[in-house]
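Q: coordinates only, sequence not included:
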């Protein structure tokens, strides 16, 4: 390894690469424990023009970055890795991208070295599927967490808009949708600049008709929205914005978006998809009265009630939670003339029982849903009393009298028309596919 002869260096790095492939954790521990080996590997990488040696060394560094808790041990190699992105050897280029992807938490270094525009340029000009997969994976990691500057996001979205049309590779499309999901997620810190960035991302995605591409496909391909949970989450994050963002989704041409989500929820046993669809529906239900009316017209009210009640124990608790949010938001958002529909379905009792169940099981710390449930039930109670006064005095809700006497939720308070919109929450760290 410390020889000046290229053949001996090649033999040494090949041996280390094979050892690290067989037992990554122990070999990395040994390499990190010897303070001279990693600097020597980086020195060889900087000086060697032999593609095979470059490949072997970068493979070792890639594995160190993925296994070692402190990948900055090999940070001195970053400038050389950046240079090798221009390598004419595809496997060297791919391995450099993979290694850089494992540095994704070092956001400042990636931005400083202008890495994302460089790999996007490679992506636009390569037909190598392996490199396309690796670049889209690396960018999905780099965009996870704190938002990137909008010019960087702009470039990513523009390139990915074209990729959604040109690529048929499921792994690539999944990585693309995961990145778009990251870019549309609510910022972790509440600041005007970050919200402006997010709204600008929304506008660009809508202007490029990316959402339509998620619902449509060429030939006989199945649209991404039916097979990619991240595609659903992109839509869910956008409708978590405001009423105009929601309407831009509902206005997608040649498709009834709400019908698609109804179909997805009715015909899948995938819990992740069920949760993502229900959260998207919950965010739509926090929109305008007209949007809620469209949901009621398609049958979402009895569907959400079935999920919340879960009579046959077929729905995951998180799916029920999102359905409960949908039901509460629909009550608060709907037109006054539609409140009787919720009363006829006994929604006062259903919402109340769900909240009491959550408190009893001590599984829900979410104060928001309790507060919003108070508002929803109060609105229904006031409507029920109004209808009783104006008509025969007989309540519409089957259990209205009992609810009114026993429920802590049914005090006739002033109702504030507030809604809850929430983005999809993701794990802090993704692992390579």
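A: Arrived safely, thanks for sending. Only a predicted model underlies this, so the values are computations on that prediction, with no experimental measurement involved.
Q: assign the residue positioned nearest the centre of the chain to helix, strand or coil.
A: Closest residue to the average C-alpha location of the chain: residue 181 at 4.1 Å, with C-alpha atoms, centre = their mean. The three-state label given to residue 181 by DSSP: H, G, I helix; E, B strand; the rest coil is helix.
Q: just the strands in the stretch 101-250 of the chain please.
A: Assigned by DSSP state E, counting those that start in this stretch, the stretch 101-250 of the chain shows no strands.
Q: low pLDDT regions in it?
A: 187-196, 219-220 (pLDDT under 70).
Q: show me the helices in it, by range?
A: Assigned by DSSP state H, counting those that start in this stretch, the helices in the stretch 101-250 of the chain fall at 107-112, 115-125, 129-142, 150-166, 170-184, 192-207, 210-215, 229-239, 243-250.
Q: which of those helices sits most buried?
A: Across these, averaging neighbours per residue (mean count of other C-beta atoms under 10 Å) puts helix 229-239 on top, at a mean of 26. Quick note: C-beta positions are derived from backbone N, CA and C, even for glycine.
Q: what does that helix rub up against?
A: By C-beta atoms under 8 Å, 6 or more residues apart in numbering, the residues outside helix 229-239 that reach it are 174, 177-178, 180-181, 184-186, 202, 205-206, 210-211, 214, 224-225, 245-246, 248-249, 257, 264, 270, 272-273, 276-277, 279-280, 283-284, 287, 421, 423-424.
Q: what do you get if the cut-off is 7 Å, keeping everything else the same?
A: Contacts with helix 229-239, where a contact means C-beta atoms under 7 Å, 6 or more residues apart in numbering, come from 174, 177-178, 180-181, 184-185, 202, 205, 211, 214, 224-225, 245-246, 249, 272-273, 276-277, 279-280, 283-284, 423-424.
Q: re the thing from before, quick one: closest of the helices of the stretch 101-250 of the chain to residue 16.
A: Residue 16 sits nearest to helix 129-142 of all these, at 22.0 Å, using C-beta to C-beta.
Q: could the helices of the stretch 101-250 of the chain go into CSV alongside distance to residue 328?
A: What follows is those, written out as CSV (distance: least, C-beta to C-beta, whole Å):
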stretch, distance to residue 328
helix 107-112, 37
helix 115-125, 40
helix 129-142, 33
helix 150-166, 33
helix 170-184, 24
helix 192-207, 25
helix 210-215, 26
helix 229-239, 17
helix 243-250, 17
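Q: ok, and what's touching the helix or strand that residue 29 is a member of?
A: According to DSSP states H and E, residue 29 maps onto helix 24-33. The contact list for helix 24-33 (C-beta under 7 Å, 6+ apart) reads 19-20, 37-38, 63-64, 67-68, 73.
Q: tell me which residues of that helix come out buried.
A: 27-28, 31-32 (16 or more other C-beta atoms under 10 Å).
Q: what do you get for stretch 250-262?
A: Those would be 250, 252, 257-258, 260-262, for stretch 250-262 by 16+ other C-beta under 10 Å.
Q: and the end-to-end length of it?
A: Length of stretch 250-262, first residue to last, C-alpha to C-alpha, to the nearest Å: 13 Å.
Q: then stretch 206-214?
A: 12 Å.
Q: gap between it and the chain center?
A: Distance of stretch 206-214 from its chain centroid, counting by C-alpha atoms, centre = their mean, to the nearest Å, is 17 Å.
Q: now stretch 269-280
A: Distance, stretch centre to chain centre, for stretch 269-280: 12 Å (C-alpha atoms, centre = their mean).
Q: again, but for stretch 97-117
A: The answer for stretch 97-117 is 21 Å, by C-alpha atoms, centre = their mean.
Q: I'd like the numbering to begin with 466 instead of 1 from here.
A: Sure, I'll start counting at 466 from here, so that last one is stretch 562-582.
Q: got a list of contacts for it?
A: Here stretch 562-582 makes contact (C-beta under 7 Å, 6+ apart) with 523, 526-527, 530-531, 536-537, 543, 546-547, 584, 596, 599-600, 602-604, 606-607, 609, 611, 617, 620-621.
Q: hang on, the earlier thing: JSON lines please, covering the buried residues of helix 489-498 and showing distance to residue 571 and pLDDT.
A: Formatted as JSON lines, the buried residues of helix 489-498 follow (distance: C-beta to C-beta, whole Å; pLDDT from 0 to 100):
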{"residue": "492", "distance to residue 571": "23", "pLDDT": "86"}
{"residue": "493", "distance to residue 571": "18", "pLDDT": "84"}
{"residue": "496", "distance to residue 571": "20", "pLDDT": "84"}
{"residue": "497", "distance to residue 571": "17", "pLDDT": "81"}
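Q: from those residues, pick the one nearest residue 848.
A: After measuring those against residue 848 - C-beta to C-beta - the closest member comes out as residue 493, at 65.0 Å.
Q: any idea how far the closest one is from residue 616?
A: Taking C-beta to C-beta, to the nearest Å as the measure, residue 493 falls 36 Å from residue 616.
Q: also residue 756?
A: Taking C-beta to C-beta as the measure, residue 756 falls 33 Å from residue 616.
Q: list the buried residues for the host helix or strand of residue 847?
A: Using DSSP H and E, residue 847 falls within helix 832-855. Residues 834, 837-849, 852 are the ones in helix 832-855 that count as buried (16+ other C-beta under 10 Å).
Q: what stretches of the stretch 716-865 of the chain score poorly on pLDDT?
A: Ranges of the stretch 716-865 of the chain meeting pLDDT under 70: 827-832, 855-865.
Q: please, where are all the helices along it?
A: Going by DSSP H, counting those that start in this stretch, the stretch 716-865 of the chain shows helices at 722-732, 736-750, 754-762, 765-774, 782-798, 804-809, 812-826, 832-855, 865-871.
Q: okay if I get those as a markdown table plus distance to residue 517?
A: Conversion of those to a markdown table gives the following (distance: least, C-beta to C-beta, whole Å):
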| stretch | distance to residue 517 |
| --- | --- |
| helix 722-732 | 48 |
| helix 736-750 | 42 |
| helix 754-762 | 59 |
| helix 765-774 | 57 |
| helix 782-798 | 49 |
| helix 804-809 | 70 |
| helix 812-826 | 60 |
| helix 832-855 | 58 |
| helix 865-871 | 76 |
